[in-house]
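*Asks:* Pasted the sequence and its predicted model underneath.
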Amino acid sequence: MRRSMTSFFIGAREAWVLAKPYFWSEERWGARGLLAAIVALNLIMVALNVVLNYWTNDFFNAIQQYRLHDTLNLLFLYLRIPGSTLPMPGFCALAVSYIVTAVYAFYLNQMLQIHWRQWITRHFVRNWLSDRAYYNISLSPSTLRGIDNPDQRISNDLADFTTNTLSLGLDLMSNIVTLFSFIFVLYAISGSIRLFGVNIPGYMLWVALIYSAIGTAFTHLIGRKLIPLSFHQQRVEADFRYNLVRVRDNPEAIALYRGEAEEEINLREHFLAIRNNWWAIMRRTKMLNFFTVGFNQIANIFPTAVVLPRYFAHQIGFGGLSQIPQAFGQVQGALSWIITSYPNLVTWRATVSRLHGFQEAVAAGRAACLSGPSSAEGGANLTFENLTLSLPDGRRLIQNASLSLPPGEPIILTGPSGAGKTTLFRAIAGIWPFGAGTVTRPTGSALFLPQRPYFPIGSLKRTVVYPSLESEVPDEAVRDALIAVELPQLAEHLTNVQNWAQVLSGGEQQRLAIARALIAKPDWLFLDEALSALDGPLAARIEALLRDQLPQTTVVAITHRGVTAASGRHVTMSSDRLALTTPELAGE
């Protein structure tokens, strides 16, 4: 039990780490103002409940004593109470006040939720994308404390966190205020009872304390195993959705492989994990509900049964018989907050844990940006100094390689599969976090085209000019580039919005990426098997196109294709020596 309670305390600390930046951010005054208004409205509702408790006593006493005039006043107007400086308001006034207060408390709560969610989502997305944290996490989950399904953590978990943190936090505060408000009420109206020769004043208060303490202990004992189950449920749900998205994004490949049966088995297995964990949650929740529902049912009649002896002894009236159980219920309900909120606390704890883990993984991913080969820019040549490249598992591909490649003549990087050509491509781009040494890129612009281009979902023009903005490139320049790469059929569809990665064939995608290069006109163009999906004659025409339209651009190409290898300066990666060589150096 101590370990489970410690888990909740750790969750509270992690939640504070997640929540604090917003309330100390540039939006802090608006956030704090909204929170203060919500807290004030919740306190007003507690105060109205206290007044309603005293109103209950006066109302039922008036009924018992057949005072029709006072009864009607307590319903519709107000009643002056002898010895009291303030009149007791009528039920209509209390009800209207409570309704207006509750509606605006909820409305402002939702307003704070969306403001907070907008800020924290922007904050998480920015950190995830900064310093290539998203990329570094994907490379080495074990080293960088990788996480599953970051999309779910940003889209769903952040929404749940803001909603549940506000809901549970305000509910806890209201219950604490209710507890301290009604403790004195219950103590004052309970009277005393003599038990085993001892006179116990305010005995109903002590009964409420003991009753709630027992209920809380048993609730936690039964429900504590729901915490890891809830955490795992969120994970398997996200895994299932991720695999559904994989099918959606790769329909052609699956269809060509006739992989429908395998995909169905895969999806069935992932859903089986959801079902099995859900059954475990159901069984544990059933046990918890048996106790909590029974506990709450007994609480409905328990205080009345305990106070009945005083009523039949004519020590209290009918109003007191109604008021004491109501006050008891408020105290017992506040003390039993953990019991009633336990399922929500379990879900909240799992959400906080996932977000805190995500935040730590992002921080580790950003820190990894500083490791690996250093990347610099300066001079005229592409230079490698004591370059060592490793895989995430520690296996070295290149060790202490030094080489300087001048601009102008095309550079062709070749080598057997697995030698590390694509890894070198990433190191040149400055994104590979495993290894040592220095890669110095020449001064000027550079464009890197991988074998499989990335296309954002949007208009065709947005796809071609990515990552530039559509407004930065004239339509005519895009059309000319598409025609040049032999995609004239697309030139008149720049405004069409599609998932172009699914609409275009592999060869069309690679040619569209070349169109980006024609538009960008970089000083250095790095191609990683960027023409691999094209047939020989078409690849030769595209290479000639690059030489013709980008005469000032130095092309560095990773390729197995003989056409490209026929001209230019060669760099060979030797899989046995794991070193960079050139024909000139090899002959020395």
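*Replies:* Yes, it's here.
*Asks:* List the contacts of I339.
*Replies:* 212, 215-216, 219, 292, 295-296 (C-beta atoms under 8 Å, 6 or more residues apart in numbering). Every C-beta, even on glycine, is put in place using the N, C-alpha and C of the backbone.
*Asks:* Any chance of a PyMOL selection covering the buried ones in the residues you listed?
*Replies:* Of the contacts of I339, the buried ones can be selected in PyMOL as follows, counting by 16 or more other C-beta atoms under 10 Å:
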select buried, resi 212+215+216+219+292+295
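*Asks:* who touches stretch 92-103?
*Replies:* Residues contacting stretch 92-103 (C-beta under 8 Å, 6+ apart): 41, 44-45, 48, 51-52, 55, 75-76, 78.
*Asks:* By pLDDT, give me the weakest of the contacts of I339.
*Replies:* Lowest pLDDT within the contacts of I339 is found at N296 (75).
*Asks:* thinking again about what came up before, for A557, state which of the contacts of stretch 92-103 is nearest.
*Replies:* Of all those, A557 sits closest to L41, with 66.1 Å by C-beta to C-beta.
*Asks:* Next up, the contacts around that closest one.
*Replies:* 101-102, 104-105, 108.
*Asks:* re the thing from before, export the contacts of I339 to a markdown table and tack on secondary structure?
*Replies:* As requested, these are exported to a markdown table (DSSP: H, G, I helix; E, B strand; the rest coil):
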| residue | secondary structure |
| --- | --- |
| S212 | helix |
| G215 | helix |
| T216 | helix |
| T219 | helix |
| T292 | helix |
| F295 | helix |
| N296 | helix |
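*Asks:* Low-confidence stretches in the stretch 51-200 of the chain?
*Replies:* Applying pLDDT under 70 to the stretch 51-200 of the chain flags residues 140-147.
*Asks:* Helices along that one, start to end?
*Replies:* For the stretch 51-200 of the chain, the helices defined by DSSP state H, counting those that start in this stretch cover 68-76, 91-129, 133-139, 150-152, 158-190.
*Asks:* outside of the fourth one, which residues touch it?
*Replies:* It stands for helix 150-152. The contact list for helix 150-152 (C-beta under 8 Å, 6+ apart) reads 128, 134, 137, 234, 237-238, 241-242, 358.
*Asks:* and with 10 Å instead?
*Replies:* Defining contact as C-beta atoms under 10 Å, 6 or more residues apart in numbering, one finds that helix 150-152 is touched by 124-125, 128, 133-134, 137-138, 157-158, 234-235, 237-239, 241-242, 245, 354, 358, 361-362.
*Asks:* Filter these down to the buried ones.
*Replies:* For the contacts of helix 150-152, buried by 16+ other C-beta under 10 Å: 124, 128, 133-134, 137, 157-158, 234-235, 237-239, 354, 358, 361-362.
*Asks:* farthest pair in these?
*Replies:* A133 and E237 (23.9 Å).
*Asks:* Tell me where the stretch 151-300 of the chain has strands.
*Replies:* Under the criterion DSSP state E, counting those that start in this stretch, the stretch 151-300 of the chain carries strands at the ranges 192-195, 198-201.
*Asks:* remind me which residues of the chain are low pLDDT?
*Replies:* Across the chain, residues meeting the criterion (pLDDT under 70) sit at 1-8, 140-147, 252, 560-568, 574-588.
*Asks:* quick check: domain ranges of it?
*Replies:* Per the record, the chain has its domains at 2-368, 374-587, by automatic domain parsing.
*Asks:* Any idea how far the first one is from the middle of the chain?
*Replies:* Taking the mean C-alpha point of domain 2-368 and that of its whole chain, the gap between them comes to 20 Å (C-alpha atoms, centre = their mean, to the nearest Å).
*Asks:* Name the member of the contacts of L41 that has the highest neighbour count.
*Replies:* Neighbour tally across these (other C-beta atoms under 10 Å): the maximum, 20 neighbours, falls on A105.
*Asks:* how about the nearest residue to that residue once chain neighbours are set aside, phi and psi?
*Replies:* Excluding the flanking residues, the one nearest A105 by C-beta to C-beta, 6 or more residues apart in numbering is L41, at 3.8 Å. Main-chain torsions, L41, degrees, to the nearest 10: phi -60, psi -40.
*Asks:* Hmm, L179 is touching G333, no?
*Replies:* Yes. With contact defined as C-beta atoms under 10 Å, L179 and G333 form a contacting pair (8.9 Å).
*Asks:* what do these two both touch?
*Replies:* 208, 212.
*Asks:* Do a quick rundown of the helices in the stretch 451-588 of the chain.
*Replies:* Taking DSSP H, counting those that start in this stretch, the helices of the stretch 451-588 of the chain run over residues 460-465, 475-484, 500-503, 506-520, 536-549, 562-565, 583-587.
*Asks:* Tell me how far Y311 lies from N300.
*Replies:* When C-beta to C-beta, to the nearest Å is applied, the distance between Y311 and N300 equals 17 Å.
*Asks:* more crowded one of the two?
*Replies:* More crowded of Y311 and N300, by other C-beta under 10 Å: Y311, with 15 against 10.
*Asks:* before we move on, which element is the more buried one in?
*Replies:* In this structure, Y311 sits in helix 260-312 according to DSSP states H and E.
*Asks:* got the angle between the helix or strand following that helix and helix 158-190?
*Replies:* Per DSSP H and E, the first helix or strand lying C-terminal to helix 260-312 is helix 318-335. Counting by axes from the mean of the first three to the mean of the last three C-alpha atoms, to 10 degrees, helix 318-335 lies at 140 degrees to helix 158-190.
*Asks:* buried sites along helix 318-335?
*Replies:* Across helix 318-335, burial judged by 16+ other C-beta under 10 Å covers 319-335.
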